[in-house]
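[1] how would this look folded up:
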Amino acid sequence: MRKHLIAVPLLAFMLTTLAVPQQDKSQRPSPPGTAEVTLHGKKITIEYGRPSLRGRKMETLTPDGQVWRTGANEATALATDADLNIGGANVPAGKYTIYTLPSEGTWKLIVNKQTGQWGTVYNKDQDLVRVDMQKSETSGLVEQFTISFVKKGNSDDTADLVMEWETTRLTVPIKAK
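    Numbering: from 1, shown residues only. Model prediction:
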C-alpha cells in the first residue's frame, strides 16, 4: 500500500512534465544571448534576452527614469567566479541580476541580489550596487540589443562591459580581484 502512495504522485508528476512541451528559447521574438569573458582565469557570464527594435524607438522601450530589465524575457543574469570591481563598486563572486536605469545623460547599471525572476520583477531593496555607465554613440544602427565584453589591452584582469542598442553604446569597466 505504501508503495502505491509514492508511485501515484510520482507517475502524475512524470506525465505532467512529459506532456508540457518545452519552449525552444531560440524561437522567441527576443532570442537568448550570452556574453562571456575570462579574467584572472575566472569566468564571468551574462545571459539575457535580445529584443529587436522592429521599427520602434529605443526611448519608448527604455524610458528615462524607469528601471529597465536590460533585455527581454527572464531577468538578465550575471554569474561571476571572481570577486569584481564594477565601475568602482565591489561585487563578490556569485549570481546576480542586472538592470539599468536609463536617462538622457548617464545611465546606471544596477546589480541586484535577487535571481531567477522574470525580467519585469524588480525589487529595489535587493540592489547590491548602482554604478554610472559611460554613454556614447555607436558607429551605426544596432537593431538587436547586444551585451559584450571588450578586454582592455594586454591586461588579464580588466574588461569593459558593453551594451549597444539603436545608436546608444553604454560601457562600464570591470576588474577581477
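
[2] contacts only, for the residue sitting nearest the centre point of the chain.
    Nearest to the mean C-alpha position of the chain, by CA atoms, centre = their mean, lies residue 76 at 2.5 Å. Neighbouring residues of residue 76 by CB atoms under 8 Å, 6 or more residues apart in numbering: 46, 47, 48, 49, 69, 70, 97, 98, 99, 119, 147. For glycine as for every other residue, the C-beta is placed from the backbone atoms N, C-alpha and C.

[3] can I assume the second one is in contact with residue 33?
    Yes - under the criterion of CB atoms under 8 Å, residue 47 makes contact with residue 33 at 7.5 Å.

[4] helices - which of the contacts of residue 76 land there?
    Members of the contacts of residue 76 lying in helices (criterion: DSSP state H): none.

[5] can those go into a markdown table with extra columns for pLDDT?
    Output for those, formatted as a markdown table (pLDDT from 0 to 100):
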| residue | pLDDT |
| --- | --- |
| 46 | 98 |
| 47 | 97 |
| 48 | 97 |
| 49 | 96 |
| 69 | 95 |
| 70 | 97 |
| 97 | 98 |
| 98 | 98 |
| 99 | 98 |
| 119 | 90 |
| 147 | 98 |
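
[6] now for the helix or strand containing residue 130, which elements pack on it?
    Residue 130 is part of strand 127-151 when elements are defined by DSSP states H and E. If you count contacts as 3 or more CB pairs under 8 Å, 6 or more residues apart in numbering; DSSP states H and E, strand 127-151 packs onto strand 32-39, strand 42-49, strand 89-91, strand 94-101, strand 107-112, strand 158-176.
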